[in-house]
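> Starting from these lines, generate the structure:
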Amino acid sequence: MKSRFILIKRAKGESSLFESLAAKNIVAGNPEQKLWPLYEDAPTGQRAGVWESEAGSWQVEISGYTEFCVLTEGSVAVVDENQTEHLLEAGDSLVMQDGFRGVWKVADRVKKYYFIVNQTSSNHDA
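Residues are numbered from 1 along each chain as shown. This next block holds a predicted model:
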């Protein structure tokens, strides 16, 4: 029987991957981003990990997936498609659903844990 429990441990000193934002999406600054992928299940379209960004602002468009994340360090202002600005601080969480468009504004450094599910792999229409 396949276990339905998955333990994810991040090794100390584990190196990160660098993510580059498309220049057209950057609104301000030069936000260097790092990613530590911790889990991926291709058949279900699920993935999880740790993400970090330095200061800057950029456009976000969520397409084909939904993301849940918890800020663990820093703060971010997220401007949604209605131009409403939401301030999130360490300990806060958010869900960005398929189709979300907005802007992330990071004044310093921010870090989050994330969990992503591809829409084509979920039963959102059931």
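> Secondary structure element holding the residue minimising distance to the centre of the chain?
Relative to the mean C-alpha position of the chain, the nearest C-alpha, by CA atoms, centre = their mean, is the one of Tyr114, at 5.2 Å. Using DSSP states H and E, Tyr114 maps to strand 110-118.
> Partner strands of that strand and their direction?
Paired strands of strand 110-118, with direction, are strand 46-53 (antiparallel), strand 65-73 (antiparallel) (DSSP bridges).
> Reformat those strands as CSV; add distance to Leu88 and mean pLDDT.
C-betas here are computed from N, CA, C, even on glycine. As requested, the strands paired with strand 110-118 are exported to CSV (distance: least, CB to CB, whole Å; pLDDT from 0 to 100):
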stretch, distance to Leu88, mean pLDDT
strand 46-53, 13, 95
strand 65-73, 5, 97
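> in the strand holding Tyr114, what counts as buried?
Val110, Lys111, Lys112, Tyr113, Tyr114, Phe115, Ile116, Val117 (16 or more other CB atoms under 10 Å).
> Quick one: mean pLDDT for that strand?
Averaged across strand 110-118, pLDDT comes to 96.
> pull the CA atoms of that strand into PDB?
Extracted C-alpha coordinates of strand 110-118, given in PDB (Å, rounded to 0.1, in the frame of the first residue of the first chain):
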ATOM      1  CA  VAL A 110      11.000  38.000   2.000                       C
ATOM      2  CA  LYS A 111      10.800  34.200   2.300                       C
ATOM      3  CA  LYS A 112       7.900  31.800   2.000                       C
ATOM      4  CA  TYR A 113       7.000  28.200   2.000                       C
ATOM      5  CA  TYR A 114       4.700  27.300  -1.000                       C
ATOM      6  CA  PHE A 115       2.500  24.500  -2.100                       C
ATOM      7  CA  ILE A 116       1.300  24.500  -5.800                       C
ATOM      8  CA  VAL A 117      -1.300  22.300  -7.500                       C
ATOM      9  CA  ASN A 118      -1.800  22.300 -11.200                       C
END
